[in-house]
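Asker: Sequence plus the predicted model coming up.
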Amino acid sequence: MTYNMLSPYYLWPQVYTYVPEEYKKWTYRHKLLEKEILTLYRADIMCLQEMTSVDYQQYWRKVLREKFNYGSKYIAKPPPEYWERPLSDIDGVSVFYDLNKFDYISSTGIYLNDLFGTFDLREQDYLEHKMVQLTDGSGNPTKKMSLSNVLKGRNQVCMFVSLRHKETNTFLIVVNTHLYWKYDEVKLTQCMIIMRRLSKIIKNLLIGVEDSTYSKVKIIFAGDLNSDRDSLVIKFLKGDPIRHENLKLVNPMRPYLNRSLYDDIPDDAFVHTCFSGKLKGVFDYICYHCEDMAPSQVLGLSKDLKQHSEMGLPNAAHPSDHIPMVMEFQVR
């Protein structure tokens with residue numbers, strides 16, 4: 001499962017004007033999240049975004065471990081400049097995994113504004129000279145800034161968790177992230193940072209392991225990618241070469257990722273996975289390779305959000321402006 005929970009501190013009053021006050025309350029929404037995550041959709045692996053540090057430490061980590069025998073890993077975002085609340089209120093991404101089915105091996109969390117050691121000199125020169133047109137909250141142009149500085153000023157993170165699937169004795173690396181919500185150049189570069197780190201994690205995982213080859217490593221890449229299905233980010237993930245001026249960007253992990261959950265269902269099965277007043281679209285993904293994982297079914301809200309009578313979520317019955325995306329696999 002991948003699910004953006006909608007942090008209580010991102011439920012901006014000026015954006016979510018259409019939500020009645022009683023449904024904005026964190027206590028109300030939290031009870032609905034508990035029902036969805038613990039009862040309705042408790043998947044073997046759960047990638048959650050916009051989970052606050054305090055909520056992870058004080059509730060989810062403890063409840064899922066003590067009641068359901070799940071392990072978990074979490075990384076919080078560094079606070080943005082405007083942040084005035086306690087650091088424990090900042091959000092991040094988490095990965096939960098059923099210890100009855102998986103053995104934990106290792107984990108790594110990274111900050112996507114750390115560009116050190118990821119790009120060669122030619123790529124660094126491109127990042128420093130490529131100018132990005134910035135916009136305000138309404139989409140109006142403001143100023144231009146180098147892609148390098150825009151990236152360094154963002155606070156997105158990514159979590160990698162390496163597991164051993166007990167039944168098949170194969171390695172499974174779960175990747176969970178939440179990309180920045182605008183500027184294709186930024187999201188694409190953040191994706192490249194993740195994929196290049198993933199390449200190193202696979203190599204380290206296989207060091208000293210007897211009779212193990214790359215074919216025994218499976219990848220699940222999930223999260224809120226803030227990118228539509230025809231975006232550069234999704235094309236890059238599936239292995240399409242992306243040309244930027246004199247650079248050709250190719251996903252180094254393309255042998256491990258060639259499909260997403262939307263490739264296995266009708267095109268109109270999900271019109272939106274994010275459904276807020278101003279932002280609507282298919283932004284939530286589970287990516288894998290067809291030779292590694294055999295999809296059995298895709299689960300989600302049965303009603304078509306396009307026909308929803310309200311301006312957006314959350315509402316009385318649903319706690320987030322995203323819906324949980326759940327996919328069932330068999331490990332090949």
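Answerer: Arrived safely, thanks for sending.

Asker: Do a quick rundown of the helices in the stretch 201-332 of the chain.
Answerer: Taking DSSP state H, counting those that start in this stretch, the helices of the stretch 201-332 of the chain run over residues 232-237.

Asker: which residues of it fall in strands?
Answerer: Remark: strands assigned in the stretch 201-332 of the chain by DSSP state E, counting those that start in this stretch are 217-224, 242-244, 247-249, 259-260, 274-275, 280-281, 284-288, 293-299, 326-331.

Asker: Let me see the mean pLDDT of the last one.
Answerer: Per-residue pLDDT over strand 326-331 has a mean of 92.

Asker: Would you mind listing the buried residues in that strand?
Answerer: Within strand 326-331, the residues that count as buried by 16 or more other C-beta atoms under 10 Å are Val326, Met327, Phe329. For the C-beta atoms, the positions are set from N, CA and C on the backbone; glycine is no exception.

Asker: which residues does Arg61 contact?
Answerer: Neighbouring residues of Arg61 by C-beta atoms under 8 Å, 6 or more residues apart in numbering: Ser72, Tyr74.

Asker: Now the host helix or strand of it - C-alpha only, PDB.
Answerer: Assigned by DSSP states H and E, Arg61 belongs to helix 61-68. Taking Å, rounded to 0.1, in the frame of the first residue of the first chain, the C-alpha atoms of helix 61-68 are listed here in PDB:
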ATOM      1  CA  ARG A  61       5.300   2.500  15.300                       C
ATOM      2  CA  LYS A  62       4.000   1.100  18.700                       C
ATOM      3  CA  VAL A  63       0.600  -0.100  17.700                       C
ATOM      4  CA  LEU A  64       1.700  -1.900  14.500                       C
ATOM      5  CA  ARG A  65       4.600  -3.500  16.400                       C
ATOM      6  CA  GLU A  66       2.700  -4.600  19.500                       C
ATOM      7  CA  LYS A  67      -0.600  -5.600  18.000                       C
ATOM      8  CA  PHE A  68       0.400  -6.800  14.500                       C
END
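
Asker: So which elements touch the helix or strand that that helix is followed by?
Answerer: As assigned by DSSP H and E, the chain's next helix or strand after helix 61-68 is strand 70-76. Judged by 3 or more C-beta pairs under 8 Å, 6 or more residues apart in numbering; DSSP states H and E, strand 70-76 is in contact with helix 61-68, strand 91-98, strand 102-111, strand 157-165.

Asker: at 10 Å what do you get?
Answerer: strand 45-52, helix 53-55, helix 61-68, strand 91-98, strand 102-111, strand 157-165, strand 170-178 (3 or more C-beta pairs under 10 Å, 6 or more residues apart in numbering; DSSP states H and E).

Asker: Just the mean pLDDT for that strand, thanks.
Answerer: Strand 70-76 comes out at a mean pLDDT of 98.

Asker: next one: stretch 91-108
Answerer: 97.

Asker: list the buried ones in it?
Answerer: Quick answer for stretch 91-108 (16+ other C-beta under 10 Å): Asp91, Gly92, Val93, Ser94, Val95, Phe96, Tyr97, Asp98, Leu99, Phe102, Ser107, Thr108.
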